[in-house]
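Asker: What would the 3D arrangement of this be:
(chains A and B)
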Amino acid sequence: MIACEEGWSYIAEWSGVPLPYILDRVGAHPQVRYVVYRSIQPDWWESIDMADALHPQTIVADGINGGELSVPYGGPLRMRVPRQLGYKSLKYITRLTLTDNIKQFGKGLGSAEPEAGYAWYAGI
Amino acid sequence: MNRRDRGFAARLCVVRGGLTSGTIAPMMETLRPRHPALVRVTHWLTALAFFALLVSGVEILISHPRFYWGETGNVNTAPLFSLPIPASRNMVPTGYGYVLPDQNGWSRYLHFEAAWLAVLTGRLYLAFGFFKGHFRRNLFPYRSDLSPKALVSAVADHLRFRRPAGIVLACGSEKSSPQ
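Answerer: Residues are numbered from 1 along each chain as shown, chains lettered A, B, ... in the order given. So this is what the prediction gives:
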């Protein structure tokens, strides 16, 4: 389910590659504490800590409801972080960065949203 | 303080404080009708929290002024009802040709912080009310308060914004001794 901080939500069947699988395949260092992910839209970037990055429901999605993930829904690649609000499920993912220091990104607040006054951790 | 208040006060003090009505009358002249400090502090903290919840709640609401019933709801589903106001997000079909500024970020923070303030203040007030006798002494109605005549006069006093004399609070506490 996507639940937006605005107050709406929808349920869909997402498919893709679990982020923990990707981290395992690339051989992430044990020192890694955050996964930073960026959108093709230059103002949008996000990060999650390892509790969410290693969660089996966190996936890099390329499919929805049995079909391809279309552009309006974030395709071709969208991060899905189902344990947090919708804005953590960034659309149009182009890059993953693994880091042990989140302060070196942007204004050091962890993602673009806190720079606009929103919470970095948006658990639901 | 009129005659009736004074008689009421003396009666209460006899019942509650164990004092005699003879010693109470001169004391009452000097008492001011004030609530205990904790009641006043928690009152204004609650007022502050309420105001913050109201302002931030309205800001959160206008980001999506549609109300749904069920597991999910969004602009593609029918709302249970929606408010006829403009929204702070352009994806909401409001019928208005403009979008209000987005204030959801700080509003969400303030809303949750104010909710904590309201809850913790409320717990403090409830604990004080129960354990220090505030509810029993000052809020719980006595049998004599429930007679039709007493009820009518209480309602009339409230409508006139007339404060009750502060005697109930004062003679319940040990702040001022008649000796």
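Asker: Next secondary structure after the longest helix that chain B contains?
Answerer: Scanning chain B for the longest helix, with DSSP state H as the assignment, gives helix B:104-131. As assigned by DSSP states H and E, the chain's next helix or strand after helix B:104-131 is helix B:134.
Asker: And the contacts of that following helix?
Answerer: B:Pro36, B:Val39, B:Phe128 (C-beta atoms under 8 Å, 6 or more residues apart in numbering or on different chains). The way it works is simple: take the backbone N, C-alpha and C, and place the C-beta from them, glycine included.
Asker: what about the second one, neighbour count?
Answerer: Spelled out, that is B:Val39. 17 (other C-beta atoms under 10 Å in any protein chain shown).
Asker: wait, what's in contact with residue 59?
Answerer: Reading this off chain A. Contacts of A:Ile59 (C-beta under 8 Å, 6+ apart): A:Trp14, A:Ser15, A:Gly16, A:Val17, A:Pro18, A:Leu19, A:Met79, A:Arg80.
Asker: actually it's chain B I care about, not the one you picked
Answerer: Applying C-beta under 8 Å, 6+ apart, the residues near B:Glu59 are B:Ser88, B:Gln103, B:Asn104, B:Ser107.
Asker: Just give the closest residue to the third one, not the sequence neighbours.
Answerer: This means B:Asn104. Spatial nearest neighbour of B:Asn104, chain neighbours left out: B:Ser63 (4.8 Å); criterion: C-beta to C-beta, 6 or more residues apart in numbering or on different chains.
Asker: Quick check, the one you found in contact with B:Arg89.
Answerer: Yes. Judged on C-beta atoms under 8 Å, B:Ser63 makes contact with B:Arg89 at a distance of 5.4 Å.
Asker: Which residues are in contact with each of these two?
Answerer: With C-beta under 8 Å, 6+ apart as the test, B:Ser63 and B:Arg89 both reach A:Glu6, B:Asp102.
Asker: could I get the contacts of B:Glu59 as TSV with distance to B:Ala154, pLDDT and neighbour count?
Answerer: Output for these, formatted as TSV (distance: C-beta to C-beta, whole Å; pLDDT from 0 to 100; neighbours: other C-beta atoms under 10 Å in any protein chain shown):
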residue	distance to B:Ala154	pLDDT	neighbour count
B:Ser88	45	95	20
B:Gln103	43	93	18
B:Asn104	45	93	23
B:Ser107	40	96	22
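Asker: Which residue is it, in chain B, that comes closest to chain A?
Answerer: Proximity of chain B to chain A (C-beta to the nearest C-beta) peaks at B:Gly105, 2.6 Å away.
Asker: Local confidence estimate at that residue?
Answerer: Listed pLDDT for B:Gly105 reads 92.
Asker: what number of residues lie near it?
Answerer: Count around B:Gly105 with other C-beta under 10 Å applied: 17.
Asker: list the contacts for the residue nearest to it when sequence neighbours are not counted?
Answerer: Nearest residue to B:Gly105, sequence neighbours excluded (C-beta to C-beta, 6+ apart): A:Gly117, at 2.6 Å. Going by C-beta under 8 Å, 6+ apart, A:Gly117 touches B:Asn104, B:Gly105, B:Trp106, B:Tyr109.
Asker: State the number of residues packed around the last one.
Answerer: Counted with other C-beta under 10 Å, the burial measure for B:Tyr109 works out to 14 neighbours.
Asker: My read is that it contacts A:Ala122, right?
Answerer: No. Using C-beta under 8 Å as the test, B:Tyr109 is too far from A:Ala122 to be in contact (11.6 Å).
Asker: quick revisit: just the buried residues out of the contacts of A:Ile59, in ChimeraX syntax.
Answerer: Here is the ChimeraX command that selects only those of the contacts of A:Ile59 that count as buried (16 or more other C-beta atoms under 10 Å in any protein chain shown):
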select /A:14,15,16,18,19,79,80
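Asker: Output the contacts of A:Ile59 as JSON lines; include the columns distance to chain B, pLDDT and secondary structure.
Answerer: Output for those, formatted as JSON lines (distance: C-beta to the nearest C-beta, whole Å; pLDDT from 0 to 100; DSSP: H, G, I helix; E, B strand; the rest coil):
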{"residue": "A:Trp14", "distance to chain B": "14", "pLDDT": "97", "secondary structure": "strand"}
{"residue": "A:Ser15", "distance to chain B": "19", "pLDDT": "97", "secondary structure": "strand"}
{"residue": "A:Gly16", "distance to chain B": "21", "pLDDT": "97", "secondary structure": "strand"}
{"residue": "A:Val17", "distance to chain B": "25", "pLDDT": "98", "secondary structure": "strand"}
{"residue": "A:Pro18", "distance to chain B": "24", "pLDDT": "98", "secondary structure": "strand"}
{"residue": "A:Leu19", "distance to chain B": "24", "pLDDT": "98", "secondary structure": "helix"}
{"residue": "A:Met79", "distance to chain B": "20", "pLDDT": "98", "secondary structure": "strand"}
{"residue": "A:Arg80", "distance to chain B": "16", "pLDDT": "98", "secondary structure": "strand"}
